[in-house]
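>>> Mind looking at a prediction? Sequence and model below.
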Amino acid sequence: MKIAELRRNLEAQLREGQLPEALQAFLAAMPEGTETYRIVSALIARLNAANKERFRNTISFEEYQRRVDQISADCFDLLAGLKEEDLLPPAPSEISGAARTGTVLYRVPNVMQIRKSVRCVVRVAVNEETILENILLDEHVELKSKVEISDVMSAELLDPEGGAFQISALNARTQLIRETGFTEWNFQVTPLKEGVHQLLVKVSIMEIVPGFQEPIPREVTLLETVTILTELPERQHADDPGGGFKPSGQTFGIGQEPSYAPQMEGAEPKGAQPAPPAAPPPPPAPAAPSSTVPMAPPQSAAPRRQMRALAYVLALLVLVPAATWAFAPDLPAWVSAHYLEGTPEAYASFIEKHPESPRLEKAYYLRAEKSGQLADLRAYQSRFQDKGIYRAQVIGQIAALESRALDRIRENPDKALIREFALNFPETERLSDLKEAAETRSESRQDLQAVLEDVYITAVRRQPTEAKIEAYLRDFPETPRLEEVETAARTRPEVFSKVQPKLEEAYLKKMEEDPTRVQSEQFIHKFPEPSKREKLERILDKKPALKRETIQKLEEIKAERRSMIRDSAGHKQG
């Protein structure tokens, strides 16, 4: 299928509201391994993420529609820039040479309830975007990028201590890894002992060797240790002797909530009373000594959970040997920050005190999610950049803040708000939306033109993109600051090559009325091999002498460049 036909068919689907169908057809038309294939895959991932968030009612319908519209607009832009070479498969040198790499994801909860089964997941995929489909991204998910993979791999979940967990594999240990989608291993894990224990996530490359019926392990590509805090089930009633706790002969009160310190297995507390017989009904408890604090009536479930968790953490700090915490020195602080407090300030304190923690990224993300502050979202982006597992969610939250900022400008077109928008969202591709928002009141249009153009120029300088440059050329047709835009575009050759024809058009537009020698020389200097040469010659028809002079210079430049290419080729052969 030719580019024109593909573009026409897909644009028709987009206009009819068939975005999922258009994206799937777009992906099917692109060769795997190309940049366009990767971009379309990312658009599909963004749509899947928006669908999940809307289904879970975590975003409004208006926000969902805004995201869908943005994905559709990005697809239109991608189609507009599509070239015939985009349909060609990548050269062998682009897809071979280096070891084959992919992404490994695993989800093993850091806190489990004793004797309650938990499903743990390990995934392997070639494409990082597809590995995030159909899974809840929470603080328990870990993602490892650029991991060496093979066509056949195995995954195991191991109990290095022995006896701490019962682990049942729900899939075959060895599975195939395909170019599309992901391969998943599921495990049923049941904690058997309370305390702090380790689970080992082991992912291995398998090699098919002639003469052997089964694939042979070649090397371990991922070996991660997960530290898990196992805890007893929450007691249903204050007078229930069950739940796995041993009576210590003393009762402690924290506020109005009794605290139960777990007894370490195999140890009897000093002065403990023997456990009552199991026959119902239980015998009445012995009279409390004079030091006993009376138990308060049971409280609601939420405070009871918090008090129980706090008591459990304190008990672990006292009872678990210090060597155990060497495996996870940040775990007590994480339990406190995440499970007890859960505030932006608690996560910020954790980040400051534990900069090397494996939970650092989760802390950054959860702080931003809880606070909703742009500064916290930017802090996550600055720290983890393109490698962050939550980067798509962070981009979505920043986009939501960007939309709210535009709404404020629509309600009150103000220079200060416009400058603040430019400062807060330097990467914005919504410059035209900003201009439209600022011009909602006719009386403010003329007054805001200068500041709006400043915002466009600043955005292009900071991060020149094809969309931003095209927006400036479209929204400011007089292009008074065209040279600044052209200079910024040249800082990114891949962008300049795409916008060069439109930049040439803008310069030629200034020459249409009365072309001068200065304008002609400036144009040749900027575009020595212009794509719009025919239009340049038509404009110069008004001044034949200037046209002859300009054509001669262009031919001299062309001859000089050909000579340089020949010399370079001869030098390489020599």
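Received the coordinates, thanks. Residues are numbered from 1 along each chain as shown.
>>> quick one: the strands in this structure?
In the chain, the strands defined using DSSP state E lie at 101-107, 111-113, 118-125, 141-148, 152-158, 165-169, 174-176, 182-191, 195-207, 216-231, 252-254, 257-259.
>>> Relative to Gly388, which of those strands is closest?
strand 141-148 (8.7 Å; Cβ to Cβ). C-betas here are computed from N, CA, C, even on glycine.
>>> Pull out the buried residues from that closest one.
The neighbour-count check on strand 141-148 (16 or more other Cβ atoms under 10 Å) flags Val141, Glu142, Leu143, Lys144, Val147, Glu148 as buried.
>>> Quick check: of these, which lies closest to Asn424?
Looking at the buried residues of strand 141-148 and their distance to Asn424, the nearest is Leu143, at 28.1 Å (Cβ to Cβ).
>>> Just the pLDDT for that closest one.
Leu143 carries a pLDDT value of 84.
>>> shift numbering so it begins at 781
From this message on, residue numbering opens at 781, which makes the last subject Leu923.
>>> Could I get the contacting residues of it?
Shown in contact with Leu923 (Cβ atoms under 8 Å, 6 or more residues apart in numbering): Thr883, Val884, Leu885, Glu908, Ile911, Ile1169.
>>> Return the set of residues that bridge with the first one.
Beta-bridge partners recorded for Thr883 (DSSP bridges): Ala905.
>>> right, and it touches Glu909 too?
No. With contact defined as Cβ atoms under 8 Å, Thr883 does not reach Glu909; the gap is 9.2 Å.
>>> Between these two, tell me which one has more neighbours.
Taking other Cβ atoms under 10 Å, Thr883 and Glu909 do not tie; Thr883 has more neighbours (22 against 18).
>>> Please indicate which of the contacts of Leu923 are buried?
The neighbour-count test (16+ other Cβ under 10 Å) marks Thr883, Val884, Leu885, Glu908, Ile911, Ile1169 as buried among the contacts of Leu923.
>>> coming back round to it: what's the farthest-apart pair in the contacts of Leu923?
For those, the maximum inter-member distance is 11.7 Å, found between Val884 and Ile1169 (Cβ to Cβ).
>>> how's this protein carved up into domains?
Domain assignment for the chain by automatic domain parsing gives 783-870, 881-1011, 1292-1354.
>>> same question for the last one, mean pLDDT?
With pLDDT averaged residue by residue, domain 1292-1354 scores 85.
>>> Compute the distance from the centre of it to the centre of its chain.
Computed by Cα atoms, centre = their mean, to the nearest Å, the chain-centroid distance of domain 1292-1354 equals 46 Å.
>>> quick revisit: now the strands of the chain in JSON lines, with distance to Lys1327?
As requested, these are arranged in JSON lines below (distance: least, Cβ to Cβ, whole Å):
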{"stretch": "strand 881-887", "distance to Lys1327": "56"}
{"stretch": "strand 891-893", "distance to Lys1327": "79"}
{"stretch": "strand 898-905", "distance to Lys1327": "59"}
{"stretch": "strand 921-928", "distance to Lys1327": "56"}
{"stretch": "strand 932-938", "distance to Lys1327": "67"}
{"stretch": "strand 945-949", "distance to Lys1327": "78"}
{"stretch": "strand 954-956", "distance to Lys1327": "66"}
{"stretch": "strand 962-971", "distance to Lys1327": "61"}
{"stretch": "strand 975-987", "distance to Lys1327": "66"}
{"stretch": "strand 996-1011", "distance to Lys1327": "65"}
{"stretch": "strand 1032-1034", "distance to Lys1327": "92"}
{"stretch": "strand 1037-1039", "distance to Lys1327": "91"}
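>>> Ala952 and Ala1202, how far apart?
Ala952 sits at a distance of 55 Å from Ala1202 (criterion: Cβ to Cβ, to the nearest Å).
>>> And the longest helix that the chain contains, what's buried?
Criterion DSSP state H: the longest helix present in the chain is helix 1324-1353. Neighbour counts using 16+ other Cβ under 10 Å place Leu1326, Lys1327, Thr1330, Leu1334 of helix 1324-1353 among the buried residues.
>>> where's the closest residue to Ser1151 other than its chain neighbours relative to Gln1153, distance?
Nearest residue to Ser1151, sequence neighbours excluded (Cβ to Cβ, 6 or more residues apart in numbering): Pro1124, at 3.9 Å. The gap separating Pro1124 from Gln1153 is 8 Å, by Cβ to Cβ.
>>> I'd say Gln946 and Phe967 touch.
No. Counting by Cβ under 8 Å, Gln946 does not reach Phe967; the two are 10.4 Å apart.
>>> follow-up on the earlier one: more neighbours: which of Pro1124 and Gln1153?
Applying other Cβ under 10 Å to Pro1124 and Gln1153 shows that Pro1124 carries more neighbours, namely 17 against 13.
>>> Distance of the more buried one relative to Glu1191?
The gap separating Pro1124 from Glu1191 is 28 Å, by Cβ to Cβ.
>>> do Pro997 as well
63 Å.
>>> any idea what sits nearest the most centrally placed residue in the chain, other than its immediate chain neighbours?
Using Cα atoms, centre = their mean, the residue of the chain that lies closest to the mean C-alpha position is Arg1171, 2.1 Å off. Excluding its sequence neighbours, the residue lying closest to Arg1171 (Cβ to Cβ, 6+ apart) is Phe1164, at 6.9 Å.
>>> Find me the pLDDT at that neighbour, would you?
pLDDT, read off for Phe1164, is 90.
>>> That one: neighbour count?
17.
>>> Contacts only, for it.
Glu1141, Tyr1144, Arg1171.
>>> mind checking how far the spatially closest residue to Arg846 that is not a sequence neighbour is from Glu842?
Nearest residue to Arg846 in three dimensions, chain neighbours excluded: Ser1183, at 6.0 Å (Cβ to Cβ, 6+ apart). Distance, Ser1183 to Glu842, by Cβ to Cβ: 9 Å.
>>> now swap in Pro1308 and tell me
Pro1308 sits 50 Å away from Glu842, going by Cβ to Cβ.
>>> Which residue of those two possesses the greater neighbour count?
Counting neighbours by other Cβ under 10 Å for Pro1308 and for Glu842 shows that Pro1308 has the greater number, 14 against 9.
>>> Setting aside sequence neighbours, what's the nearest residue to the more buried one?
Closest to Pro1308 by Cβ to Cβ, 6+ apart is Ile1337, at 4.7 Å.
>>> just Glu1219 next, same as before
Arg1225 (4.8 Å).
>>> same deal with Glu833?
In space, and not counting its chain neighbours, Glu833 is closest to Ile839: 4.7 Å by Cβ to Cβ, 6+ apart.
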